[in-house]
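> Just to be clear, the model below is a prediction. Sequence and coordinates:
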Amino acid sequence: MNRSLSIALAAILVVATVAVPVAAASVVSSATAQDDPESNAETESIKPGARFAAAVGVQHAELEGDVSTRAIDIRLANAETNATKASLIADHLETSETRLTELEARLERLNESREAGELSEGRYRAEVAQTAAEMRTIERQTAIAASTAADLPADVRDERGIDIESIRTLRDRAADLGGPDTVSIARSIAGDDVGRSIGDGREPRGPQRSAIESPGGQNGTAAPPNEN
């Protein structure tokens with residue numbers, strides 16, 4: 001890791017770490033005011049301390065996501081050749097695919113454990129919310145990969161096996177957050193913006209869609225972020 005990357009990530013870490021406790025308190029407040037009566041009833045069964053701990057867990061997942069997302073941004077920006085960018089994208093997509101599969105499997109195990117009575121409602125919701133936050137990170141990072149890949153020459157993409165349609169499929173899987181039930185549970189713990197970037201003064205929260213919707217899209221032409 002070069003010096004400029006280290007400094008940038010250190011700055012992000014300091015700002016985001018200071019923001020976590022305040023953001024978590026705000027999240028707990030907003031999460032208890034959701035409009036879904038069924039979600040409210042189930043959330044009210046969770047003790048305030050457990051709900052706060054769950055919100056903090058989500059915020060830490062978001063913090064880690066912010067740091068790793070910025071690292072990807074910086075590495076791609078510092079790549080000196082299209083071939084280097086393609087290699088970074090290909091490696092990242094492979095890692096993201098593996099991680100997303102693991103997270104989807106985790107949700108299945110959590111649902112099975114809940115149905116078997118092996119998890120308390122509070123623990124279940126906390127784990128689901130944190131998993132959803134990690135999925136949102138993959139969604140954002142895949143959007144970055146798609147935007148950069150769309151600007152690469154086709155022959156460079158082909159050489160590394162980078163396919164825009166496959167990137168779109170991966171992003172859509174991550175954006176699904178495991179389905180509507182998972183989304184509802186995550187929002188009951190962490191609010192509507194679960195998994196979004198927590199730093200102040202950063203670019204708009206949520207991924208750019210232009211390069212995914214249109215393989216020929218250019219940076220800076222993003223449509224509004226996908227709200228799940």
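Great, that's in hand.
> what about residue 114, how many neighbours?
Residue 114 sits with 17 neighbouring residues when counted by other Cβ atoms under 10 Å. Any C-beta I mention is one placed from the backbone N, CA and C, and that applies to glycine too.
> Quick check: nearest residue in space to it, chain neighbours excluded?
residue 124 (4.7 Å; Cβ to Cβ, 6 or more residues apart in numbering).
> helix or strand for that neighbour, which one?
For residue 124, the element it lies in under DSSP states H and E is helix 121-150.
> what's the angle between the helix or strand harbouring residue 53 and helix 121-150?
Assigned by DSSP H and E, residue 53 belongs to helix 48-78. Interaxial angle, helix 48-78 versus helix 121-150 (axes from the mean of the first three to the mean of the last three Cα atoms, to 10 degrees): 10 degrees.
> follow-up on the earlier one: can you name the residues in contact with the next helix or strand after the helix holding residue 124?
On the C-terminal side of helix 121-150, the closest following helix or strand by DSSP H and E is helix 154-159. Residues outside helix 154-159 that contact it (Cβ atoms under 8 Å, 6 or more residues apart in numbering): 82, 83, 86, 149, 163, 164.
> can you do 10 Å?
81-87, 89-90, 149-150, 152-153, 162-164, 215 (Cβ atoms under 10 Å, 6 or more residues apart in numbering).
> Just the ones of those in helices?
Applying DSSP state H to the contacts of helix 154-159, the entries found in helices are 82, 83, 84, 85, 86, 87, 89, 90, 149, 150, 164.
> Count residues in the vicinity of the last one, would you?
Summarising burial for residue 164: neighbours were counted as other Cβ under 10 Å, giving 19.
> close enough to count as contact, it and residue 148?
No: under the contact definition of Cβ atoms under 10 Å, residue 164 does not touch residue 148, with a separation of 11.1 Å.
> Out of the ones in helices among the contacts of helix 154-159, flag the one nearest to residue 132.
Distance to residue 132 across the ones in helices among the contacts of helix 154-159 (Cβ to Cβ) is lowest for residue 89, with 24.6 Å.
> What does the pLDDT read for that closest one?
Note on residue 89: pLDDT of 97.
> and if you look at the one 10 residues further on?
According to the prediction, residue 99 has pLDDT 97.
> shaky segments in the chain?
By pLDDT under 70, the weakly predicted segments of the chain are 1-45, 194-228.
> if you set the cut-off to 80 instead, what comes out?
Residue ranges of the chain with pLDDT under 80: 1-50, 190-228.
> So among the ones in helices among the contacts of helix 154-159, which ones count as buried?
Among the ones in helices among the contacts of helix 154-159, those classed as buried by 16 or more other Cβ atoms under 10 Å are 82, 85, 86, 87, 89, 90, 149, 150, 164.
> Now tabulate the residues you listed in TSV and tack on distance to residue 119.
Putting these into TSV (distance: Cβ to Cβ, whole Å) gives the following:
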residue	distance to residue 119
82	47
85	43
86	42
87	41
89	37
90	37
149	39
150	42
164	39
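> What distance do you get for the nearest residue to residue 152 once chain neighbours are set aside to residue 127?
What sits nearest to residue 152 in space, not counting adjacent residues and going by Cβ to Cβ, 6+ apart, is residue 82, at 5.3 Å. Taking Cβ to Cβ, to the nearest Å as the measure, residue 82 falls 41 Å from residue 127.
> Burial check on residue 108, number of neighbours?
10.
> That one sits in which helix or strand?
With DSSP H and E as the criterion, residue 108 is inside helix 82-115.
> what's the angle between that helix and helix 48-78?
160 degrees.
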